[in-house]
Every structure is written in C-alpha cells, then in structure tokens.
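Any chance you could fold what I've pasted below:
(one chain, ligands or ions: 1)
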Amino acid sequence: MSIEIVTGDITRLQVDAIVNAANATLLGGGGVDGAIHRAAGPALLAACRELPEVRPGVRCPAGDARITPGYRLHARYVIHTVGPVWRGGSHGEPDLLASCHHRSMRLAIAHGLQSIAFPAISCGVYGYPPELAAPLALRSLREAQDTDAPLQISVCCFSEAMARIWRSALSAQD
Ligand code: ADP
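Below you'll find the predicted structure:
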C-alpha cells in the first residue's frame, strides 16, 4: 500500500494535489490553510470565491471537498476539505473525518491524479486528538484507494511529534 508519512511544509511538496484543511467559507484562514493560500498566491482565493455557496457563507460543508488549480504551488491542484471541529467525539466527528478523506481521494481519482498529499486534517485548531485521527484517516485512505491505479499518498506532518503518531498508526495497520 502506497502511503508514506513525511514531515515538513505541505506547500513545498511536488505532488499532483495537496489537500487543504480549510474552513467552510473556503476564503482562507490560519494554519495549513493560510500557508497554502500564501504559497499559491491570490489567484487561489479568487478561484475559491468562484465556487458556489451551498448556503450563506458555506462553500464546502464539513466532510465534503472541492478542487481548484494550485497556481503558484508545485502541486497542480488543491483539494479543499473541511474537517470536523472536535466536540468530544460523539457529534459525528469520526464519520466527517472519514468523509473528508474519501471525498478528497474521489476527486483526485476523478481527475486522473497519481499523487496526493494530506495534512493532519482537524488535528490543529479544530482539536481532533491525533491519536484518534491518524488510524481513522489511514483506514479511510486505504478504503478509498483506487485498486487498479493506486495513488501515491503522503501524509505530511508539520512536526516530528505528529509524524511519530502517524507512523505508529500506519505500522499498527500493516
Ligand atoms: P484544522 O483547522 O483542520 O485543525 P490546522 O491548519 O489548524 O487545521 O491544522 C492541521 C494540521 O496541519 C496541524 O497538525 C498543523 O500543525 C499542520 N500544519 C500547519 N501548517 C502546515 C504546513 N505548512 N504544512 C503541513 N502541515 C501544516
């Protein structure tokens, strides 16, 4: 199975698509979202604005995903997904987090992509415990993998401490 855990800045990766842990407005924010918008340049914000609202202020509901070009990034595409805010775990957070990974993978496969990098969705400001997020995310990625033409999947952790959590979840599933 082609999933690898890397440490670093996702905006630097040479992959077909990087996934953005966005918020529902898709109009930028802090964390990895801010880094991606800074690296991609203002055309990314303009492209996000063009995406239709599904209800006022919401271009992408939690658990869903949208795709735009990557503009100044090495990556050709950005797949924007909105993770759940952690509220203790009994408010649908696991299903929403799984759905972020499934739908992002589905968009990548539909666009014929060969490589994709995910950040630790919801594990920053949204507060999802990474020890719970990592095994669930990895399982979801495996389920969504294209068996005929498997995507090269990276999970890009911003710190070595986060990478350790993901590597141990990955080896527990091998
Ligand atoms: P969320 O709101 O979904 O929790 P955050 O951006 O706050 O999203 O955090 C998600 C994860 O992305 C965190 O582990 C954070 O440390 C990490 N992160 C922040 N900047 C980057 C970056 N440039 N590249 C990769 N990961 C990043």
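
Is the residue at minimal distance from the centre of the chain in a helix, a strand, or coil?
Among the residues of the chain, V19 comes closest to the average C-alpha position under CA atoms, centre = their mean, at 3.7 Å. When the structure is split into helix, strand and coil by DSSP: H, G, I helix; E, B strand; the rest coil, V19 lands in strand.

Quick check: bridge partners of it?
Here V19 sits in beta bridges with I79, as judged by DSSP bridges.

Pull up the residues of the chain that are close to the ligand.
If contact is defined as CB under 6 Å from any ligand atom, the residues of the chain in contact with the ligand are 9-11, 21, 31-33, 35, 83, 119-126, 156, 158, 162. Bear in mind the C-beta positions are built from the backbone N, C-alpha and C, glycine included.

Show me just the buried residues among the residues you listed.
Neighbour counting over the residues of the chain next to the ligand (16 or more other CB atoms under 10 Å) leaves 10-11, 21, 31-33, 35, 83, 119-124, 126, 156, 158, 162 as the buried ones.

Now intersect the residues you listed with the helices, please.
31-33, 35, 162 (DSSP state H).

Cheers, nothing more for now.
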